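Undergrad: have a look at this prediction, sequence included:
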Amino acid sequence: MDLTRHLKTETVSRLYPTQPWIVQPTQPVADAVKLMREKKVGCVLVCEQRKILGIFTERDLLRRVLSPGKSLDTPMSECMTSDPVTVHPKDSIGSAIKRMQKGGYRHLPVVIDDRPVGILSVKRIVHYLVEHFPVMVYNLPPNERFIHPQRESA
Amino acid sequence: MLCPSCNCKNLPGDDVCKRCKQPLTPFNLPQPENQVERSLMYDQVKTLKQHVPVTLAHTANLGQAIALMLESNVGAILIVDDAGKLVGIFSERDLLKKIAGQTTTYAELPVTQFMTPRPESVSNTDTLNFVLQKMDAGGYRHVPVLDDGRPVGIISARDMLRFMTRLCRDA
């Protein structure tokens, strides 16, 4: 179980990226906000004819909508981040992590020929690391400084 | 497993040695096999390069909270009471869930109304696997580090990722 090697050889598709939620560039921001809230996700993709144009995240909502005091009727094309950094399902997990860290992104769209097929989030990668060390992480006592001298109850 | 004191053979997972009754539980803990596992098990939160927490008084309003988040370029700020103790966390997620589209005149409302009260936290002496478990199980992106109830740092999922990938590169 060598993490270094696995990060190089395992691909993004092995992480089963979550389904992308898509809005049109002409739709208002309110639609994206509603979608993000309903689907419990942190970002939506802005696509035109199934081709990716941009990404809209919680950070964009703060920075480009709420902070300048724009209304939620603003079209998506004005407040999205255009041409986001993406990954291909065949890319290695290590390279996806590198791209995430370089730009400080929490979400990367997974695309094939500009067509979105998934979203890879930083949470998913944290979960991948946890899965990688099940014995180290899952076998923790509830309070780590306390080990029961005896079995509990009967 | 062999008892370290009397060398008697015991079943794996036994709590005490069947011959000398010495406790065996500490030896049932997982043994780290490589550098990453060792670091996860024994390295404490203080070995991580933490960010100075961005804090805001509980009396502040939402406009101030949003301005502070933008100015310090962070995704979550910690809300503290008069004594400097943590009372809640306010993140971009709270903004999306509770504010955008719900109210239009939010800037004057108190931040305590929208924050997530009593967030999960860790202390500087907790080990890294403990933090990782909390983050994964709770789905948190930010875990505050407390010392006697006062925030001294904040660990984000990306900090954790950076630490792990750096270990892999060095290993």
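TA: Nice, I can see it. Everything quoted here is computed from the prediction, not taken from an experiment.

Undergrad: the helix ranked longest in chain B close to chain A?
TA: Longest helix in chain B, counting residues (DSSP state H): helix B:157-170. Yes. Contact of helix B:157-170 with chain A (CB under 8 Å from any CB of the partner chain) involves B:A157, B:R158, B:M160, B:L161, B:R162, B:M164, B:T165, B:C168, B:R169. Placement of C-beta: from N, CA and C, glycine included.

Undergrad: so who does the fourth one touch?
TA: It stands for B:L161. Residues near B:L161 by CB atoms under 8 Å, 6 or more residues apart in numbering or on different chains: A:I97, A:M100, A:Q101, A:V122, A:I125, A:V126, A:L129.

Undergrad: tell me how far it lies from B:V52.
TA: 20 Å (CB to CB, to the nearest Å).

Undergrad: now the helices for chain A?
TA: A:3-9, A:29-39, A:58-60, A:76-79, A:93-103, A:122-132, A:134-138.

Undergrad: now do chain B
TA: B:35-42, B:62-72, B:92-94, B:128-138, B:157-170.

Undergrad: for the shortest one, the distance to its chain's centre please.
TA: Averaging C-alpha coordinates over helix B:92-94 and over its chain gives two centres that are 18 Å apart (CA atoms, centre = their mean, to the nearest Å).

Undergrad: on that earlier part again, wait, which of the helices of chain A is closest to B:K9?
TA: Among the helices of chain A, helix A:134-138 comes nearest to B:K9, with 22.8 Å by CB to CB.

Undergrad: what about the closest one, average pLDDT?
TA: Mean per-residue pLDDT for helix A:134-138: 72.

Undergrad: give me the low-pLDDT residue ranges for the chain?
TA: No chain in the question, so chain A it is. Residues of chain A meeting the criterion pLDDT under 70: A:1, A:136, A:138-154.

Undergrad: try chain B instead
TA: In chain B, residues with pLDDT under 70: B:30, B:101, B:103-104, B:170-171.

Undergrad: residue of it closest to chain A, please.
TA: B:E92 (3.8 Å; CB to the nearest CB).

Undergrad: ok, now which ones touch that residue?
TA: By CB under 8 Å, 6+ apart, the contact list for B:E92 reads A:G42, A:E58, A:R59, A:L61, A:L62, B:M69, B:G75, B:A76.

Undergrad: need those residues in CSV (columns: distance to B:Q102).
TA: Listed next are the contacts of B:E92 as CSV, based on distance: CB to CB, whole Å:
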residue, distance to B:Q102
A:G42, 18
A:E58, 15
A:R59, 19
A:L61, 13
A:L62, 15
B:M69, 18
B:G75, 20
B:A76, 20
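
Undergrad: what is the neighbour count of B:A107?
TA: 15 (other CB atoms under 10 Å in any protein chain shown).

Undergrad: B:G63 is in contact with that one, correct?
TA: Yes. The criterion here is CB atoms under 8 Å, and B:A107 meets it with B:G63 at 3.4 Å.

Undergrad: one step back: highest mean neighbour count out of the helices of chain A?
TA: With neighbours taken as mean count of other CB atoms under 10 Å in any protein chain shown, the helices of chain A reach their highest mean count in helix A:58-60, at a mean of 22.

Undergrad: tell me what the residue nearest the centre of chain A is bridged to.
TA: Centroid check for chain A by CA atoms, centre = their mean gives A:S121 as the closest residue, at 1.9 Å. Legend: beta-bridge partners of A:S121 under DSSP bridges are A:H107.
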